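Quick one, structure for this:
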Amino acid sequence: MDIEPPAPGKKREKTDDELEEADLQLAMLAYLPVLCLVSVIAKRREDFVSFHASQGLALFLIELAGSMLFFVPVVGPVLALGVTLACLTVAVLAVRTVRRRGRWSIPIVGAVAEHLHL
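Numbers count the residues shown, from 1 in each chain. Purely as a prediction, here's the structure:
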């Protein structure tokens, strides 16, 4: 497999296997509530980090919306707990995927992330 040299003035895109440790750490930060904003603000030009930053932000927004369910009488607290536990489980699986230098378009979250345009 031949790799073409980059055009003058442009740098070659890194493959997911060539990522630096700092890129992996930023991508993992994306899935921690509130700290996902650090990943969004400090994201590098790496497509890998950008992908995970947008998904992490979408997951955080879904978690915030789910926490608003707490105020619904009777079933609200149970629904809010369910959304929170689901988001926590998805975040753990996503961090595991990042650690393996993978990409996982999370169902529902991935669709929301595509509309964020980060």
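
Run a quick neighbour tally on residue 48.
Counted with other C-beta atoms under 10 Å, residues neighbouring residue 48 total 23. (Glycine included, C-beta is placed from N, CA and C.)

ditto for residue 76
By other C-beta under 10 Å, 13 other residues sit near residue 76.

One more: the one 10 residues further on?
The number of residues packed near residue 86 is 15, by other C-beta under 10 Å.

Please apply the same query to the one 3 residues further on.
Counted with other C-beta under 10 Å, the neighbours of residue 89 add up to 10.

again with residue 94
Neighbour count for residue 94, taken as other C-beta under 10 Å: 23.

Dump stretch 24-34 to PDB, keeping only the CA atoms.
C-alpha atoms of stretch 24-34 as PDB (Å, rounded to 0.1, in the frame of the first residue of the first chain):
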ATOM      1  CA  LEU A  24      -6.500   9.700  22.900                       C
ATOM      2  CA  GLN A  25      -6.800  11.500  26.200                       C
ATOM      3  CA  LEU A  26      -8.900  14.300  24.600                       C
ATOM      4  CA  ALA A  27     -11.100  11.700  23.000                       C
ATOM      5  CA  MET A  28     -11.600   9.900  26.300                       C
ATOM      6  CA  LEU A  29     -12.400  13.200  28.100                       C
ATOM      7  CA  ALA A  30     -15.200  13.700  25.600                       C
ATOM      8  CA  TYR A  31     -17.300  11.100  27.300                       C
ATOM      9  CA  LEU A  32     -17.100  12.500  30.900                       C
ATOM     10  CA  PRO A  33     -20.000  14.800  31.800                       C
ATOM     11  CA  VAL A  34     -19.100  18.500  31.700                       C
END
